[in-house]
Every structure is written in structure tokens, then in C-alpha cells.
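In: what's the 3D shape of this:
(chains A and B)
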Number of protein chains: 2
Amino acid sequence: MKIHIYAARLFILMAGTLIAHSAFSESYPIKPLSDSALKGPLIINKQGSFFVGGQDITSDTLSTMSAFGSKGTITLDQMYVAYQIPVKAKSTSVVLIHGCCLTGKTWESTPDNRMGWNEYFVRRGFPTYVIDQVGRGRSAVNAASQINAVKTNQAPAEKLPTVIAASHEGAWQIFRFGAEYPKTFENQRFPIAAQKGLWQQMVADWYYGLEEPNATPVALSTLSKELKKTVLISHSQSGIFPFNSAKISNDGIAGIISIEPAACPSADSDLTPYLKIPSLVMFGDFVELSTRWAPRLKACREFVTKVNAQGGKAELLVLPEIGIKGNTHMLMQDDNSLELAALLSTWIEKQIASKN
Amino acid sequence: MKIHIYAARLFILMAGTLIAHSAFSESYPIKPLSDSALKGPLIINKQGSFFVGGQDITSDTLSTMSAFGSKGTITLDQMYVAYQIPVKAKSTSVVLIHGCCLTGKTWESTPDNRMGWNEYFVRRGFPTYVIDQVGRGRSAVNAASQINAVKTNQAPAEKLPTVIAASHEGAWQIFRFGAEYPKTFENQRFPIAAQKGLWQQMVADWYYGLEEPNATPVALSTLSKELKKTVLISHSQSGIFPFNSAKISNDGIAGIISIEPAACPSADSDLTPYLKIPSLVMFGDFVELSTRWAPRLKACREFVTKVNAQGGKAELLVLPEIGIKGNTHMLMQDDNSLELAALLSTWIEKQIASKN
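Out: Now for the predicted structure:
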């Protein structure tokens, strides 16, 4: 098993030298935060939360309890946003967008209680916005109406929405902690001893049953316009959202960072919406060991190549190709999470924040 | 209509002089925060989030999608907690516990974008913890398993969980913005022009279908022990939770503030668990105009009287009885929300924080 993995990783490293990549470490010497900026008190100029979007619908199956009426109006499709703006803030902000079966908690304190990216970016000077996808966490979903319609025999069982929960065993593979639960890949970096802290984060996911086009990229487009100059940082299921937002409008989207996207836009699609926005697609380690992720990386590579061929400015960063090894799919929680946040911050500062 | 309301309010004011109450304004001259403490940068010593509790269950109806397995383990019953600890923090902390159909967002920026209580208490020097009830917001609920069991015909429709959504029209009455939607009580204080910001906050509520005893007061008990000296501040549906936590153990619960509780403990029950913890039950205005709330206030009055008769230290504060008029059920979002936060802070500082 070990030999097999090492062989595969050696192949990846060798492949990395053959395939065009960003030569990240040469282009962007990674600038860390000073100890005092990282560890001193956090000084906030303004913080708060709000919602973007939302539409009113009426329903007559809101409740089966006499204490609450069954008929009336509710608001759906809004996106929860929590933010912190540091003193001496940069004009470029970042928006952190979580993936499947998770909420904005993804970016907060890690399972082993280290600083989350949400705070790191604030300490780095970026106004930082953390969302809960529409239909997840603090962003409402149409659960009551849909369930009660079936519970009261006004709709058949097959009309129940598509809702999934990722099991520990399934997530273990998808997040590439190891080939199968509970085995781990050699030198993987997720804090396995604190895994309970990840399982506690996971929630039921209504995404696959929501109406298309999904309301989150729409809300992200609205938010970007308000923020004027923001970098949308997405992950996994939400990986494609910033690109979908850019298709609606480029306004306000100063950059896209897509971390291990479940999909990049098809290389054969109209790439015009993505040509003017610097984008970075980042993958961790062990990708070639995963039948789920290897084809996604390949498709993203094709997308990046095509965008650049058409005059765009896209980069693909596969971490082991620049010598950063062991990162899982949940790399914002891995043991080197703040080094990766420094890496992304450096990219933003170099590619976007330093420009008008 | 106006005359009817004024008459009712006059009656309440007169009743206030007849019924024993806390004479709050004499006992506790309300100490406001200085402008600089309220408006300068917010200086945080430590912030983050974590979960309390949670148990693993197995299910074979986690998914109906081939991309996600149907069988496996998930974690439920954990409670999400976000916290901020200011520099120069008091040793007494506060925990903010939201009510029906809402999440921890309740306590953050108001619908009209004023400072939330979560930030006010931090600026006041209290380490401040905001939770999402078990099964709400960022705290998982068993949605996928329960829905998919019925969707795949492994369980009958009546086995679907009890889930409700409060309509705008229903919430309008319950929150006492007016007698019925869209009429408002004269001089009510909720920022009605920004009502959309409240409707966006509301989520489906699985509480009434969760197993008893509810896991949130259990998790609050665990959290209180960890915090060592905390004041549990609950609202509405969660109003009774701090009392239920105190029944499990008094450890760490230095005080209870129950805001417009849907229920106080029965005056006829064993009151021993509540005798050693200073408690304050607070109601807003227009209560006697509501058939839902008037009996609850009456029952809480009886509870407070009985606790004191047995040597406890409970207070009932009905805001109009001390001259603060117009507050709705959502008083942490009313236009005088920070004055009420100052009032509660003063009570905590006087009754709890100043004592060992």
C-alpha cells in the first residue's frame, strides 16, 4: 500500500515538471504574516451580518401544529453573510464560500481549534465575508412546506426534496483522508485526532434538490457588485459558483480562487466571462489516487489552458507540484492551513490588490 | 382601535403599580457604555467557534443519489457556538440563546443594520457566546435520513418529522408588531421598514419534532460548566432552556435572563434547582393585548413569586412597568435594543459579575 502511494506521488511530482503550471514559488515568494499581526489582539473596525437576496413565496403547508398557522408567506433564497472589516483595511475584500454538506463554519476555528481562514484574512488586512449557501445553515430552506405537503397527503412521497447527508465513511474518501475509512494516506495533513470537530460541522445538504439556476451564485453576484472589488474563494461543491457569478456579471469580481472545485467551467464552453478576471484553481495532494478527483483536476487543467490560450489569466496550482505535500480536500483545516492562507493572500496581493 | 390600545396600556401601567415588581430603575440605575467604548474599534483578544455535544448514529437512508452513499454514520445533537472574548474581559460570560424559527443571527446586526447584542456585550467586557440551537442553523438536523426513509417507501408519510415555518403574517402577531398583519401597535419599536431583514432570518424549525429531552439545554449545561461563571440569556421558545439546564446542574450557571419565555417552570414544580441562581424574567410591551403572551406572563409572575417565597432571588421585569414602552417580542432588534442591553448588563454587573 505504502509503496503504491509513493509510486503514485512520485508520478505526480514528475508529471508536475512536465505539465505547464504556475511555478508558484518562483513567481510569488510566499509572504507570511508577522508574529505580532498573527498573534496580537484582533482590531476590528466594523463587523456584522446581513442577507443578500430572498423572495417571498406563499404556502398552505407551513405547519401541522395548531400553534402555528399552515398558510402564509415565507422568504426563501436569501444568503447569510457574516463579515469583519479590520482597521487599515485593504480595498480588496474576500468572500469565503463553503462546499457540500458544510456551512460557513468551514472557515472558522479548525477542528483542532486553530485559527480559521476567516480570521487570518482579516489579520492580513482583507475585509472578509463568510457566507452560508442558500438553503444551508443560517440561510433558510423550504423544508416545512415540502415535508408537510407529503405528511398531510397533499403530495406523493416522491415529491419530497432531494436531501443528502454525507457519512463519516463517505466523507473520509471524498475529503481524501485515506483510500477508505479509517485508513489514512501517509503524511496526510488533516488533524485526524480531532475528526469529531469535522463531523460536528456537517449538515444535511439540500443543494441537489434546489431549483436551477442555484440562487447562491446569483446572490454572490449581487454581493460582489456591492463590495466593488472582491475575490470569491470557493471550495468543492461551490467551486464553480464564482465562475457562474462571473457569467451573470463581471462587476465587482476582482479575482476568483477555486479550491478543489467539483467542476470547472467546461473547456469547450464560451470562456468570455472568465477572460478578464484573474483566477486561480488550487488542488491538494493525493488527487491521482481518487477516481472522484483525478478527472476533475484534469478537466480544470484543460479549462485553465484554454482560458490562457484565449488571452485570459488563469492559473492551476497543484500543491505537491510546488513541494507542498499531504494536503487533503479540507485543506483550510489541514495542519498547514495558515501557510496556505498566506500563499493565497500573496497571490491576491500580487495579482489583484496591488492593481486598480 | 387607538383608544382601545391606550386603555389597555393604561391598565397595564396601573396594574404595574399594584403588582410586586423589581422597581428596576431605583435598584439599578442603568449604566450606559461610553461613546468611545461603543463606537471605537472593537478589540478582540480571542474569537472562534466550536460545537458542544453530538452523538453518532448510523442510517441507511442518508442519500438517494449515487454520488453519495446511503449507508453510514453521521453526527447529530451537537450545538454550534461562536464566541468573542474582548481584551480586559470580565470573568462573567454571557450565552445568547435564540428562539423559534430563528438562529444565532437573532443577536447579530439588526434588520436595520444597527449593532447586535452579540457585539454590545463584547464591548461591555463580557466574553460572549452565541449558539445555534441543536437542529437549527449550523447545528445539524436529521433531515436526510428522515426524508429519504419516506421518499424510498421504507417509512410511511406520517413518520415524517414535525417541521414548521412561521409565516410573516403569523410571526407579526406572535412578535407583537401589531394585532394582525400588517397593522402595527401605536409606538411599537420594531424597525418595521426593515422587516425584510427579519423575514430573511427565519428558518424552518425542527424543534417540535426533536426527541425529548431536547439536546440544547443539555449542551448548554456542558458549556456552562466549561465557562465556569456564565449568564444564560434565552428568548421565547428557548426561554425555559436555562432553567432546564439548571435542573441538570447548577455548575457554571451564574445567572439566568429569560426574555419573553414561551414558558417559565411551573410554579407548582420543585423549584429547588432555581433557588441559588439569580434570575431575571423580562417582558416587553403589548403583552396584555396578546392571548398568546398574557397567560405566559401571568405564569412567569407566579413562578417568580414562588421562587422568592422559597428564598430564591428571581425578578420579573415588565418593561412598561418601569416606563420603557413600545417593545415587541423581538426586543433585541427594537429601536432601543442597546438601551435594553445596557439595562441587562447593569443587572448582570450588579447581581453577578461583582460577586465571587
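In: neighbours of A:Lys276, how many?
Out: A:Lys276 has 12 neighbours, counted by other Cβ atoms under 10 Å in any protein chain shown. For glycine as for every other residue, the C-beta is placed from the backbone atoms N, C-alpha and C.
In: same thing with the one 4 residues further on?
Out: A:Leu280 is surrounded by 24 other residues when neighbours are defined as other Cβ under 10 Å.
In: now swap in the one 3 residues further on and tell me
Out: For A:Phe283, the tally of surrounding residues (other Cβ under 10 Å) stands at 24.
In: run through the bridge partners of the residue most central in space within chain A.
Out: Geometric centre of chain A, nearest residue: A:His235, 2.2 Å, by Cα atoms, centre = their mean. In this entry, A:His235 is beta-bridged to A:Ile259, by DSSP bridges.
In: is it in contact with A:Thr106, as I believe?
Out: Yes - counting by Cβ atoms under 8 Å, A:His235 does reach A:Thr106; the two are 7.0 Å apart.
In: hey, what's in contact with both of these two?
Out: Residues touching both A:His235 and A:Thr106 (Cβ atoms under 8 Å, 6 or more residues apart in numbering or on different chains) are A:His98, A:Gly99, A:Met332.
In: any idea how far A:Gly125 is from the last one?
Out: This points to A:Met332. Counting by Cβ to Cβ, to the nearest Å, the separation of A:Met332 from A:Gly125 is 19 Å.
In: neighbour count for these two, which is higher?
Out: Shown here are A:Met332 and A:Gly125; by other Cβ under 10 Å, A:Met332 has more neighbours (24 against 20).
In: tell me the secondary structure for the more buried one?
Out: Classification of A:Met332 by DSSP: H, G, I helix; E, B strand; the rest coil places it in coil.
In: any chance of the backbone angles for the residue nearest to it when sequence neighbours are not counted?
Out: Distances taken as Cβ to Cβ, 6 or more residues apart in numbering or on different chains place A:Trp117 nearest to A:Met332, at 5.1 Å, with adjacent residues excluded. Dihedral angles of A:Trp117 (phi, psi; degrees, to the nearest 10) stand at phi -60, psi -30.
In: also A:Arg138?
Out: Per degrees, to the nearest 10, the backbone of A:Arg138 is at phi -90, psi 0.
In: and the residue nearest to it when sequence neighbours are not counted, how many neighbours?
Out: Excluding the flanking residues, the one nearest A:Arg138 by Cβ to Cβ, 6+ apart is A:Tyr80, at 4.1 Å. The number of residues packed near A:Tyr80 is 29, by other Cβ under 10 Å.
In: what's the helix or strand harbouring A:Tyr80 in contact with?
Out: Following DSSP states H and E, one finds A:Tyr80 within strand A:79-86. Strand A:79-86 has contacts (Cβ under 8 Å, 6+ apart) with A:42-53, A:104, A:118-119, A:122-123, A:125-134, A:137-139, A:215-216, A:219-220, A:223, B:105, B:108.
In: hang on, the earlier thing: am I right that the residue nearest to A:Met332 is in contact with A:Asp334?
Out: No - between A:Trp117 and A:Asp334 there is no contact under Cβ under 8 Å: 11.2 Å.
In: and the two? which has more neighbours close in?
Out: Remark: of A:Trp117 and A:Asp334, A:Trp117 carries more neighbours, 26 against 23, as counted by other Cβ under 10 Å.
In: skipping adjacent residues, who's closest to the residue in the stretch 251-356 of chain A that chain B sits nearest to in space?
Out: Chain B sits closest to A:Arg292 of the stretch 251-356 of chain A, with a gap of 8.4 Å, by Cβ to the nearest Cβ. Distances taken as Cβ to Cβ, 6+ apart place A:Ile174 nearest to A:Arg292, at 6.4 Å, with adjacent residues excluded.
In: surely the one you found is in contact with A:Arg296?
Out: No - using Cβ under 8 Å, A:Ile174 is not in contact with A:Arg296; the gap is 11.4 Å.
In: who has more neighbours out of the two?
Out: Higher neighbour count among A:Ile174 and A:Arg296: A:Ile174, with 24 against 20, using other Cβ under 10 Å.
In: now for that one: which residues touch it?
Out: Contacts of A:Ile174 (Cβ under 8 Å, 6+ apart): A:Ala166, A:Arg292, A:His329.
In: how about A:Ala157?
Out: Listed by Cβ under 8 Å, 6+ apart, the contact set of A:Ala157 reads A:Val150, B:Val150, B:Lys151, B:Asn153, B:Ala157.
In: and which of those residues is nearest A:Asn250?
Out: B:Lys151 (40.1 Å; Cβ to Cβ).
In: let me know the pLDDT of that closest one.
Out: Per-residue pLDDT puts B:Lys151 at 98.
In: list residues touching both of A:Trp117 and A:Asp334?
Out: The contact sets of A:Trp117 and A:Asp334 do not overlap (Cβ under 8 Å, 6+ apart).
In: the strand or helix carrying A:Asn148 packs against which elements?
Out: Using DSSP H and E, the element containing A:Asn148 is helix A:143-151. Packing contacts for helix A:143-151, counted by 3 or more Cβ pairs under 8 Å, 6 or more residues apart in numbering or on different chains; DSSP states H and E, involve strand A:55-59, helix B:143-151.
In: residues contacting the spatially closest residue to A:Leu331 that is not a sequence neighbour?
Out: Using Cβ to Cβ, 6+ apart and skipping residues adjacent in sequence, the residue nearest A:Leu331 is A:Gly284, 4.9 Å away. By Cβ under 8 Å, 6+ apart, the contact set of A:Gly284 is A:Arg176, A:Glu260, A:Leu319, A:Pro320, A:Asn327, A:Thr328, A:His329, A:Leu331, A:Asp334.
In: same list (these) but as JSON lines, adding pLDDT.
Out: As requested, these are exported to JSON lines (pLDDT from 0 to 100):
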{"residue": "A:Arg176", "pLDDT": "98"}
{"residue": "A:Glu260", "pLDDT": "98"}
{"residue": "A:Leu319", "pLDDT": "97"}
{"residue": "A:Pro320", "pLDDT": "97"}
{"residue": "A:Asn327", "pLDDT": "98"}
{"residue": "A:Thr328", "pLDDT": "98"}
{"residue": "A:His329", "pLDDT": "98"}
{"residue": "A:Leu331", "pLDDT": "98"}
{"residue": "A:Asp334", "pLDDT": "98"}
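In: make a PyMOL selection of whichever of these turn out to be buried.
Out: Those of these that count as buried under 16 or more other Cβ atoms under 10 Å in any protein chain shown are selected in PyMOL with:
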select buried, chain A and resi 176+260+319+320+327+328+329+331+334
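In: and which of the contacts of A:Gly284 is nearest to A:Arg301?
Out: A:Glu260 (13.2 Å).
In: ok, residues contacting the host helix or strand of A:Tyr120?
Out: Here A:Tyr120, judged by DSSP H and E, is contained in helix A:117-123. Contacts with helix A:117-123, where a contact means Cβ under 8 Å, 6+ apart, come from A:33, A:37-38, A:42, A:44, A:84-86, A:94, A:96, A:104, A:107-108, A:128, A:130, A:332, A:337-338, A:341-342, A:345, B:47-48.
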